[in-house]
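Enquirer: return atomic coordinates for the entry below.
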Amino acid sequence: MLFGSRGLTVVPDKVLMELLRQVHRGTLVCPVTRPGLGEIGLLHWGDDLEILRGLDKAGTVATLVAVLAERRVRNPGVTRPTGSR
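Expert: From the prediction side, this is the model:
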């Protein structure tokens, strides 16, 4: 984890799903940047998404899918908070 970042652990599933959707649509270009996050309305998550910086599209998708899958295995049926900031 990067200094000052809480990492993906604090990012709600809803936000991770939106990132994944935007990457697939091509509206969020990889590697993820703060300006890119700003263009899709997620700049306020910039510090926590810093871990994705430097990853290509395949790496970003793999990371997001893995985090979401791990959460579902650990907490089946649990809905995570929407985490609006």
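
Enquirer: buried residues, stretch 26-36. List them.
Expert: Buried residues in stretch 26-36, counted by 16 or more other CB atoms under 10 Å: 28, 30, 32-33, 36. For every residue, glycine as well, the C-beta is placed using N, CA and C.

Enquirer: can you tell me the SS state at Asp48?
Expert: At Asp48, secondary structure determined by DSSP: H, G, I helix; E, B strand; the rest coil is coil.

Enquirer: wouldn't it be in contact with Pro12 here?
Expert: No: look at Asp48 against Pro12 with CB atoms under 8 Å: they stay out of range, at 10.2 Å.

Enquirer: so for these two, which sits in the more crowded spot?
Expert: Looking at Asp48 and Pro12 with other CB atoms under 10 Å, you find the greater number of neighbours at Asp48, namely 22 against 16.

Enquirer: contact partners for the more buried one?
Expert: Contact partners of Asp48, counting by CB atoms under 8 Å, 6 or more residues apart in numbering, are 5-8, 10-11.

Enquirer: now do Pro31
Expert: 52-56, 60.

Enquirer: only whichever of those are buried, select them in ChimeraX.
Expert: Buried residues among the contacts of Pro31 (16+ other CB under 10 Å), as a ChimeraX selection:
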select :52,55,60
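
Enquirer: is it possible to export the contacts of Pro31 to a markdown table including pLDDT, distance to Glu18 and secondary structure?
Expert: Putting the contacts of Pro31 into a markdown table (pLDDT from 0 to 100; distance: CB to CB, whole Å; DSSP: H, G, I helix; E, B strand; the rest coil) gives the following:
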| residue | pLDDT | distance to Glu18 | secondary structure |
| --- | --- | --- | --- |
| Leu52 | 95 | 13 | helix |
| Arg53 | 92 | 18 | coil |
| Gly54 | 92 | 21 | coil |
| Leu55 | 97 | 17 | coil |
| Asp56 | 98 | 19 | coil |
| Thr60 | 98 | 13 | helix |
